[in-house]
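**Student:** one predicted model, sequence on top.
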Amino acid sequence: MTSSTTIAAPVPGRPVLDGLSRTQLMAHAAEVEQLSRQVEVARLEVALEWSITHPVVETSSSVLEAPDHPGGAGTPEVAAFATDTLAVAMSIAPAASSRLVADALDLSFRLPLLWDLTRELRIPAARARRVAGATRDLSAEGARWVDRQVAAASGRVSSAQLDRIVAHATAQFDPDALKNRQDRARETWGVDLDHPSPGDFAGTSTLTARGDSLDLACFHDVVNAEADTLAALGDTDTLGQRQAKALGVIAAQQAALDLTGLIAGEQSDDDRADVRAKALTRADAKVKLFLHASLPDLLTRGHDDLVGTADTLGPTTLAKLKDWVGHSRVTITPVLHVASDDTWTIDRHDPPPRMAETVRLRDETCVFPRCGRHARCCDLDHITPYDTGPPDDTGPPTESGGTTAANLAPLCRRHHRAKTSGAWSYQRLAPGTYLWTGPAGLTTLVTPDALIDL
């Protein structure tokens, strides 16, 4: 018995992609994207028209016929079950229909600037809908503020940037909601210890903690300090293993214990004394928070109205900041402006702490397009590779070398590898502004406020 393979004929009207050059395929991809945007805008427009043509005529006393209010504050209610009918007509799930109507209403009534950009096909509908969903619980005033921020960047904001904008709007326009969210989160606090079953027990258990962000950050710092002390004393276990051991040290209230008798090694008495001295200085772990606030806010708003953004944690209430300030181990540094004069140079590869801090405060996140990983979790990359000079040169680097904040940028490990491998390259055009070039000539401009695909 023989078998044969049937090659499907090309679909009428569908372009044959085989044989297209890379340039032709990229051009076709751009055309398809525009068509996709048109279709998605049409779906939103249908949902908007559907909701407008199905208003609430009269309020029914029956809960079963209560009108739907899928959109945020300031959008009209929709007749009961109208979204379900639309779902059937569009062959989509009712929940999807409800979200589509909610997004269309929010864009039209609460985010008009973003809605205009969407209908002009300048941004994809998916991005606009994400903003609509993220702002749904905001007041109408808060949503309009987010609309202005996002539209000012022509909608080119990364997910991380949008999260920060929405978080700030929540804190500024609806502080009660922020406080309620903090209260709800506080109800989940706890510490759980999980031992495996007797048959699987091997002397290892799991401890999970959920609590105040600052308290946990301080505790984590203490654990890491103790793990570093163990390593300095000759412990060759992995970092994770040393961190777990550190919990035992802390539990015994021995954060500053002289561990020289516990770790085998050949350190001299002077080396052990030096390690112990460092451990004593680290016993009371210190956490530094950078409080970002604009100068206009400080000049025009009362202290009780200020919203602070704690570096790596996000916006928080004044009451929470006051509580944190009360801890002697916390240092809060106001950040009003990072100096633009970042051209001073040192004759070594690794930047000093002040220079590294300048770069991280300037850029805040990995500068690769749409990455968003926080700068404090990133490597500091030399944009122009560091010039070590000839191999036999033991002196300082040449004049083109050295390390300066103007030639440093935070890159997460993945995108640091992408740059180092040559797959991507970039150059700094201005503080916080980077031009990236990738495969097939893809070019993206990253600015502090927007992403621009060139």
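**Tutor:** Yep, that arrived.
**Student:** check which helix or strand T75 maps to.
**Tutor:** T75 is part of no helix or strand when elements are defined by DSSP states H and E.
**Student:** could you chop the chain up by domain?
**Tutor:** The record assigns the chain these domain ranges, following automatic domain parsing: 37-173, 206-282, 287-335, 345-388+397-453.
**Student:** could I get these in CSV, plus columns for mean pLDDT?
**Tutor:** Output for the domains of the chain, formatted as CSV (pLDDT from 0 to 100):
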stretch, mean pLDDT
domain 37-173, 86
domain 206-282, 77
domain 287-335, 60
domain 345-388+397-453, 84
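**Student:** for T188, which of those domains is the nearest?
**Tutor:** domain 206-282 (5.8 Å; CB to CB). C-beta here means a position set from N, CA and C on the backbone, and glycine is covered the same way.
**Student:** what ranges do the helices span in the stretch 51-200 of the chain?
**Tutor:** 82-90, 94-109, 112-119, 125-134, 140-152, 159-173, 175-186 (DSSP state H, counting those that start in this stretch).
**Student:** related to what we said a few turns ago, pipe the domains of the chain into CSV and attach mean neighbour count and distance to A27 per row.
**Tutor:** Output for the domains of the chain, formatted as CSV (neighbours: other CB atoms under 10 Å; distance: least, CB to CB, whole Å):
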stretch, mean neighbour count, distance to A27
domain 37-173, 18, 16
domain 206-282, 15, 48
domain 287-335, 14, 41
domain 345-388+397-453, 17, 12
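**Student:** so which of these comes closest to S21?
**Tutor:** Of the domains of the chain, nearest to S21 by CB to CB is domain 345-388+397-453, at 11.0 Å.
**Student:** how long is that closest one end to end?
**Tutor:** 32 Å (CA to CA, to the nearest Å).
**Student:** which residue is nearest the centroid of the chain?
**Tutor:** Residue closest to the average C-alpha location in the chain (CA atoms, centre = their mean): A160, at 3.8 Å.
**Student:** and the closest residue to that one other than its chain neighbours, what element?
**Tutor:** Leaving aside its sequence neighbours, A160 sits nearest to G372 (CB to CB, 6 or more residues apart in numbering; 2.8 Å). Per DSSP H and E: G372 is located in neither a helix nor a strand.
**Student:** just checking, G372 touches S158?
**Tutor:** Yes: counting by CB atoms under 8 Å, G372 touches S158, with 5.3 Å between them.
**Student:** ok, which stretches of the chain are strands?
**Tutor:** For the chain, applying DSSP state E gives strands covering 190-194, 206-210, 287-292, 308-310, 314-316, 330-335, 345-346, 379-382, 403-404, 408-411, 425-430, 433-437, 443-446, 451-453.
**Student:** ok, back up a step: using JSON lines, lay out the domains of the chain together with distance to E187.
**Tutor:** As requested, those are exported to JSON lines (distance: least, CB to CB, whole Å):
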{"stretch": "domain 37-173", "distance to E187": "19"}
{"stretch": "domain 206-282", "distance to E187": "10"}
{"stretch": "domain 287-335", "distance to E187": "16"}
{"stretch": "domain 345-388+397-453", "distance to E187": "27"}
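**Student:** nearest to D183, of those domains?
**Tutor:** Of all the domains of the chain, domain 287-335 sits nearest to D183, with 10.6 Å by CB to CB.
**Student:** straight-line length of stretch 162-182, end to end?
**Tutor:** End-to-end for stretch 162-182, by CA to CA: 20 Å.
**Student:** same question but for stretch 359-372, I mixed them up
**Tutor:** Start-to-end span of stretch 359-372 (CA to CA) is 15 Å.
**Student:** and stretch 231-242, by the same measure?
**Tutor:** Span of stretch 231-242 from end to end, CA to CA: 8 Å.
**Student:** now do the helices in the stretch 301-450 of the chain.
**Tutor:** Counting by DSSP H, counting those that start in this stretch, the helices of the stretch 301-450 of the chain are 318-325, 353-363, 413-421.
**Student:** now for the last one, which elements pack on it?
**Tutor:** Contacts defined by 3 or more CB pairs under 8 Å, 6 or more residues apart in numbering; DSSP states H and E place helix 413-421 against strand 379-382.
**Student:** what's the strand it packs on in contact with?
**Tutor:** With CB atoms under 8 Å, 6 or more residues apart in numbering as the test, strand 379-382 has contacts from 349, 351, 356, 359-360, 403, 407-413, 416, 419.
**Student:** from the residues you listed, which is closest to V46?
**Tutor:** Closest to V46, out of all of the contacts of strand 379-382 and judged by CB to CB, is C412, at 40.5 Å.
**Student:** does that closest one touch C377 like I think?
**Tutor:** Yes: using CB under 8 Å, C412 is in contact with C377, at 6.7 Å.
**Student:** can you pull the contacts of the closest residue to R43 other than its chain neighbours?
**Tutor:** Counting by CB to CB, 6+ apart, R43 lies nearest to L100, which is 6.6 Å off, once chain neighbours are set aside. Taking CB under 8 Å, 6+ apart as the criterion, L100 is in contact with 43-44, 47, 86, 92.
**Student:** check contacts around the residue nearest to T358 when sequence neighbours are not counted.
**Tutor:** Leaving aside its chain neighbours, T358 sits nearest to A405 (4.9 Å; criterion: CB to CB, 6+ apart). Contact partners of A405, counting by CB under 8 Å, 6+ apart, are 342-344, 351, 355, 358-359, 362.
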